[in-house]
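Participant: Fold the following and give me the result.
(2 chains)
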Number of protein chains: 2
Amino acid sequence: MKYGFSERVKYMKSSAVRDILKVINQGNIISFAGGLPEEDLFPVEAVDNAFHKAITTNKKALQYGETEGVPQLRELLAERMKQKGLHRSADNILITSGSQQAIDLFSRVMFNKGDVILTENPTYLAALQVFESYETKVVAVDSDDDGMVLADLEEKIERHKPKCIYVVPTYSNPTGKVWSLERREKLLELANKYHVVIFEDDPYGELQFDENEAPPSIASLDENDIVLYTSTFSKTVVPAVRIGWIVGPHQIIRIMAQAKQATDLHTNSIGQHALVHLLQDFDIDGHIQTIRKTYYERMLVMKRLLETADIEGLEYIAPKGGMFFWVKLPKRINTKDLLNGAVKEGVAFVPGAPFYVSDPEQNTLRLNFTNSEPALIEEGMKRFVKVLETTNIHS
Amino acid sequence: MKYGFSERVKYMKSSAVRDILKVINQGNIISFAGGLPEEDLFPVEAVDNAFHKAITTNKKALQYGETEGVPQLRELLAERMKQKGLHRSADNILITSGSQQAIDLFSRVMFNKGDVILTENPTYLAALQVFESYETKVVAVDSDDDGMVLADLEEKIERHKPKCIYVVPTYSNPTGKVWSLERREKLLELANKYHVVIFEDDPYGELQFDENEAPPSIASLDENDIVLYTSTFSKTVVPAVRIGWIVGPHQIIRIMAQAKQATDLHTNSIGQHALVHLLQDFDIDGHIQTIRKTYYERMLVMKRLLETADIEGLEYIAPKGGMFFWVKLPKRINTKDLLNGAVKEGVAFVPGAPFYVSDPEQNTLRLNFTNSEPALIEEGMKRFVKVLETTNIHS
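Facilitator: Below you'll find the predicted structure:
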């Protein structure tokens, strides 16, 4: 039997990262490739208690629920966001099956074939996957260490008339970058000037290393209902619960809920009720402190080992939060080839090219520092540096 | 701010049933409207134990997982389906966020604008919602008590060259109908003759009232990889877990998995691992027996009360399984108007019209008998019959 697929299948790509992970996870390899949180930090007891309460307290919690999400969870989220300066009511929140679904539902209700989306370059791979599956055109804006370069942004807004600007401004994946306050404000200004919606993807915002250096979300600066903001419990509780949320203009959230109804009726509500109990009974902020401290220590270990590499032209910035180092090597080194050598040495990373919208830099790579203990980071980085130095001599 | 939405938003409809439910759930009304399983039958203790094991046994279960679903769950499902004559390997199974998502992902990878899908008339409302959101053309095939009328089916296949035939052949929603074996076989024959994929939606197949009268799924008769089959744990365990599955040709399942990766990465895996434990530790088949027995008794109560209605031209068939009675009233009665009167009397149902693809019969309605205890069914049906009789006299 030959099957006739839809046109849009042509625009669907498998994730290069997930494909690499499948190979890597098979051997005895120290992997800095995945974007995984540390399992040993999972608040197992609290999660267990929360699910137990969710399941045994009220049978209604086990029945079909509202597409928009469990009302109490949306209230608690509104409250938590308020504490971070983002004042929106529960009506402006849609609970999603991870923040990945927020990107997908948003795309579904906003984009027509050929619509332009501006993004950083490189940017979050799986967002590109979604955008491309809707046959949109993604255009890269130049950026530096502080965020998008404003002149290039304005020039590209004028030229391409984009429908949306997609950004991961806080401890981004893959670059670990954090946008300056000025760039955040200026991005908003330009979005307002040209009436372009901003989609702020913020899965890592709570993973900051310095208490006193928490940048405000772009959404919290928005006074004109022009920003949609999404985040997730995947990094602060556990990924397997698959619960994220999106907050934004009611008019858009309402239509996204309608799309969600057809897509999957509603996000699993046992998990939603469990999160309600977790937020009520568990010191999640204390827990997040522990995560921050642990990740900070691991980042420092990785940084120390990176510093030992005797490679001229090796560049990186120590991240101020999040989960990743973004490394640039001398131009002559192709990190895809490097990965083969690295895997033989028993260490893995993700080559940087797939994260680019255009003009991929083949000499870049991403290192994750959150999913390995310090001793493993040490050993893995020694292997990595060895591979680097060998390749550098031979290339 | 004025937002520019995608074209496809025009084709998104909110579910008439869910909108009705919102109104009904507010008052002190006996509702036969929703398609809800009985909460008192939820295996709370078993679910609680299963989640406890899933959360505390292995931290890997709380990490990101495979898009295709937890391998053990797919193995167990393959095993369970084998017992029902459906022989497919775990590789042919994709775990979805409820079977609703199976319909959506399938549509996403199969349908282009204008593609034709043949369905029964009436049929499952939320499938129509999905199909229409992909700008397809849904064409109704005539049907009788045994399933689609074959002559009309063949004529419409020839005329419309459909991409897919969508059916709910076993205790369907909304009609409660079950297809005869002959129609199942003939549908397959025609699908093979004209190379049209069949999508078999089977959420109710396990809810049969007579042990010895279990019709084989169409998928189990398929020898040419032409049928996709989807089912769910919503009716046999609890809806809130939002876990369904789809089994079909590997080529289609693989591309659906790719689409799912962009959509929501993977279905919540705490729930998936919990279902693994539930299937291993709990007598789910014994539990399903209890559900069947309870629903059968409730169906009989409703039937007995329906029989008391003194209305010429009232028609219904006692269902052999599932959750619904489909009732036809004299043509002069519009059930949408009837609902207003019924709600005033303290009873609710769903008018039949929204379930139709075309030529809606305004004198039809759906009654759910699974979500109310016998005493409530008795009281609710007395109110319903009273409203019917009053309306009948006055109309």
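
Participant: roughly how far out does stretch A:85-93 sit from the chain middle?
Facilitator: Centre-to-centre, stretch A:85-93 and its host chain are 21 Å apart (C-alpha atoms, centre = their mean, to the nearest Å).

Participant: and what of stretch A:201-217?
Facilitator: With C-alpha atoms, centre = their mean as the basis, stretch A:201-217 stands 13 Å off its chain's centre.

Participant: Buried residues, that stretch. List them.
Facilitator: A:201, A:202, A:203, A:204, A:205, A:206, A:207, A:208, A:209, A:214, A:215, A:217 (16 or more other C-beta atoms under 10 Å in any protein chain shown). No exception for glycine: its C-beta is placed from N, CA and C like everyone else's.

Participant: how about it against chain B, any contact?
Facilitator: No - legend: contact between stretch A:201-217 and chain B by C-beta under 8 Å from any C-beta of the partner chain is lacking; minimum distance shown is 11.8 Å.

Participant: Now stretch A:111-126 - C-alpha only, CSV.
Facilitator: Taking Å, rounded to 0.1, in the frame of the first residue of the first chain, the C-alpha atoms of stretch A:111-126 are listed here in CSV:
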residue,chain,number,x,y,z
PHE,A,111,0.6,31.6,10.9
ASN,A,112,-0.3,31.2,7.3
LYS,A,113,2.0,29.7,4.7
GLY,A,114,4.7,32.2,3.9
ASP,A,115,4.3,34.3,7.0
VAL,A,116,7.6,35.6,8.4
ILE,A,117,8.9,35.0,11.9
LEU,A,118,12.1,36.8,13.1
THR,A,119,14.3,34.8,15.5
GLU,A,120,17.8,35.0,16.9
ASN,A,121,20.5,32.9,15.1
PRO,A,122,21.1,30.3,16.5
THR,A,123,17.9,29.7,18.4
TYR,A,124,15.8,26.9,19.9
LEU,A,125,15.8,24.1,17.5
ALA,A,126,12.4,22.6,18.2
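
Participant: what's the average pLDDT for that stretch?
Facilitator: The average pLDDT within stretch A:111-126 is 96.

Participant: Please apply the same query to stretch A:195-210.
Facilitator: 96.

Participant: Straight-line length of that stretch, end to end?
Facilitator: End-to-end distance of stretch A:195-210 (C-alpha to C-alpha, to the nearest Å): 34 Å.

Participant: what residues does the stretch 151-300 of chain A put near chain B?
Facilitator: A:163, A:195, A:197, A:224-226, A:234, A:238-243, A:249, A:251-252, A:255, A:258-259, A:261-271, A:273.

Participant: Now intersect those residues with the strands, please.
Facilitator: Using DSSP state E, the members of those that fall in strands are residue A:197.

Participant: where's residue A:200, which helix or strand?
Facilitator: Of the helices and strands defined by DSSP states H and E, residue A:200 is found in strand A:197-201.

Participant: Provide the strand pairings for that strand, with the direction of each partner.
Facilitator: Take DSSP bridges as the rule and strand A:197-201 pairs in its sheet with strand A:164-167 (parallel), strand A:227-232 (parallel).

Participant: Not counting that strand itself, show me its contacts.
Facilitator: Applying C-beta atoms under 8 Å, 6 or more residues apart in numbering or on different chains, the contact partners of strand A:197-201 are A:99, A:103, A:106, A:110, A:124, A:127, A:163-169, A:187-188, A:191, A:217-219, A:222, A:226-230, A:252, B:3.

Participant: Nearest to chain B among the buried residues of stretch A:201-217?
Facilitator: Nearest to chain B among the buried residues of stretch A:201-217: residue A:203, at 11.8 Å, using C-beta to the nearest C-beta.

Participant: Name the nearest residue to the closest one, sequence neighbours excluded.
Facilitator: In this structure, residue A:203 finds its nearest non-sequential neighbour in residue A:232, 5.0 Å apart by C-beta to C-beta, 6 or more residues apart in numbering or on different chains.

Participant: So what's the residue count around that neighbour?
Facilitator: Residue A:232 has 25 neighbouring residues, counting by other C-beta atoms under 10 Å in any protein chain shown.

Participant: That one against residue A:205, yeah?
Facilitator: No - taking contacts as C-beta atoms under 8 Å, residue A:232 lies outside contact range of residue A:205: 10.1 Å.

Participant: Report the contact partners of residue A:236.
Facilitator: Contacts of residue A:236 (C-beta under 8 Å, 6+ apart): A:206, A:284, A:287, A:288, A:291.

Participant: hmm, try it at 6 Å
Facilitator: For residue A:236, the contacting residues are A:206, A:288, by C-beta atoms under 6 Å, 6 or more residues apart in numbering or on different chains.

Participant: Centre of the chain to the helix or strand bottoming out on mean pLDDT in chain A, how far?
Facilitator: The helix or strand of chain A with the lowest confidence, counting by mean pLDDT, DSSP states H and E, is helix A:16-24 at a mean of 70. Distance of helix A:16-24 from its chain centroid, counting by C-alpha atoms, centre = their mean, is 17 Å.

Participant: For the stretch 201-350 of chain A, just list every one of the helices.
Facilitator: Applying DSSP state H, counting those that start in this stretch to the stretch 201-350 of chain A gives helices spanning A:218-221, A:250-264, A:269-281, A:284-308, A:335-345.

Participant: how many neighbours does the closest residue to residue A:148 other than its chain neighbours have?
Facilitator: Once flanking residues are discounted, residue A:148 sits nearest to residue A:141: 4.7 Å by C-beta to C-beta, 6+ apart. Using other C-beta under 10 Å, residue A:141 is surrounded by 25 other residues.

Participant: ok, now residue A:99?
Facilitator: Neighbours of residue A:99 (other C-beta under 10 Å): 27.

Participant: do residue A:22 as well
Facilitator: Neighbourhood size, residue A:22 [other C-beta under 10 Å]: 9.

Participant: Check residue A:285 too.
Facilitator: 11.

Participant: repeat for residue A:198
Facilitator: By other C-beta under 10 Å, 24 other residues sit near residue A:198.

Participant: what about it, distance to residue A:226?
Facilitator: Distance, residue A:198 to residue A:226, using C-beta to C-beta, to the nearest Å: 6 Å.

Participant: Thank you kindly, that will do.
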